[in-house]
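Student: predicted model and sequence below, questions to follow.
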Amino acid sequence: MGIVRKTKAVNTVLNIFEHNNEAKSVVNLIELVKGEMNKTTVYRILDRLEQDGTIHCFNGKDGLKWYAKCNGCSENHHYDLHPHFQCTNCDKVECLSLEVKIPSLKNHKVDTTDILLMGQCSDCLT
Ligand SMILES: [Zn+2]
Ligand SMILES: [Zn+2]
């Protein structure tokens, strides 16, 4: 795929991820750039940034797609094995910098995992 062309639309989406470390749901993102680009463009940009190793994608509760900035990922090497935490109270999603031990399965090859822990975040507990 190569480097994402830095169009204005791409930059707008990138900026959202650069300026805070929080994960964003696709619904959230579309809302944030409303008026600047349509849904289809948002989906296309997210796809390309994901392929380039800039952001990663995972499923949150209610089957919603979430995106967050990758740490040290590249086009050829995604380190997406970390779990995510979603707060059932405020819906905030965090990337957890934990390593999850993937069990080795006989005669199977595991490519990705999608682990979502749910509960109350530190803000909601205090
Ligand atoms: Zn919370
Ligand atoms: Zn993450």
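Tutor: Thanks, I have the structure now. Ligands and ions are numbered 1, 2, ... in the order given.

Student: switch to C-alpha atoms for all contacts and neighbour counts from now on
Tutor: Fine.

Student: now Ile124, nearest residue through space, not along the chain?
Tutor: I think there's a mix-up here, since residue 124 is Cys and not Ile. Residue nearest to Cys124 in three dimensions, not counting chain neighbours: Asn89, with 7.1 Å by C-alpha to C-alpha, 6 or more residues apart in numbering.

Student: ligand 1 contacts on this structure?
Tutor: 87, 90, 121, 124 (C-alpha under 5 Å from the ion).

Student: contacts for stretch 117-124 next, please.
Tutor: Contacts with stretch 117-124, where a contact means C-alpha atoms under 8 Å, 6 or more residues apart in numbering, come from 83-90, 92.

Student: doesn't Phe58 belong to a strand?
Tutor: Yes - remark: Phe58 belongs to a strand, assigned using DSSP: H, G, I helix; E, B strand; the rest coil.

Student: that one touches Lys69, doesn't it?
Tutor: No - if you go by C-alpha atoms under 8 Å, Phe58 and Lys69 don't touch, sitting 11.5 Å apart.

Student: who has more neighbours, the two?
Tutor: Lys69 (23 against 19; other C-alpha atoms under 10 Å).

Student: nearest residue to Glu99 other than its sequence neighbours?
Tutor: Once flanking residues are discounted, Glu99 sits nearest to His82: 5.7 Å by C-alpha to C-alpha, 6+ apart.

Student: quick one: buried ones out of the residues of the chain next to ligand 1?
Tutor: Buried by 16 or more other C-alpha atoms under 10 Å: 87, 121, out of the residues of the chain next to ligand 1.

Student: of the residues of the chain next to ligand 1, which belong to helices?
Tutor: Among the residues of the chain next to ligand 1, DSSP state H puts Cys124 in helices.
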